[in-house]
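> Got a sequence here, can you model it:
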Amino acid sequence: MLVWMLREMMMERGIRTGAALARLLKEKAGYELSAPSISALLTGQPKQMKAETLDALCTALDCTPNDLWVHTPSQVRSASI
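Numbering: from 1, shown residues only. Have a look, this model is predicted:
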């Protein structure tokens, strides 16, 4: 299972709002993301993400994709015989 850690990464960096994240994305990565897109990233785990967006987030937050996603192995279900 993948767990989305954007809010935690933002808090570690002192970024408290979506507007602050949008400013940082523009300043550090030259990347613009709409308010609804930022809101979606902050309120839930993304089902898919453009590589460009992930790159911009990593650049703006000075982190790696491994900082934004935490992987926990899923439970293996045994087949019933």
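> At which residues are the strands of the protein located?
Listed in chain order, the strands found in the chain under DSSP state E are 2-4, 69-71.
> elements contacting the last one?
The contact analysis (3 or more CB pairs under 8 Å, 6 or more residues apart in numbering; DSSP states H and E) places strand 69-71 against strand 2-4. (Glycine included, C-beta is placed from N, CA and C.)
> What pairs with the strand it packs on, parallel or antiparallel?
Its sheet considered, strand 2-4 pairs with strand 69-71 (antiparallel) by DSSP bridges.
> Could you list the residues in contact with the partner strand?
Here strand 69-71 makes contact (CB atoms under 8 Å, 6 or more residues apart in numbering) with 1, 2, 3, 4, 5.
> buried ones in stretch 50-62?
Residues of stretch 50-62 classed as buried: 53, 56, 57, 58, 60, 61 (neighbour count, 16 or more other CB atoms under 10 Å).
> so of these, which ones are in helices?
53, 56, 57, 58, 60, 61 (DSSP state H).
> and of those, the nearest to residue 40?
residue 53 (10.9 Å; CB to CB).
> so residue 55 touches residue 28, yeah?
No. With contact defined as CB atoms under 8 Å, residue 55 does not count as touching residue 28 (11.4 Å).
> Could you give the number of residues near residue 45?
As a burial measure, residue 45 scores 13 neighbours (other CB atoms under 10 Å).
> How about residue 47?
Around residue 47 there are 6 residues (other CB under 10 Å).
> From residue 59, how far out is it?
As judged by CB to CB, to the nearest Å, residue 47 and residue 59 stand 23 Å apart.
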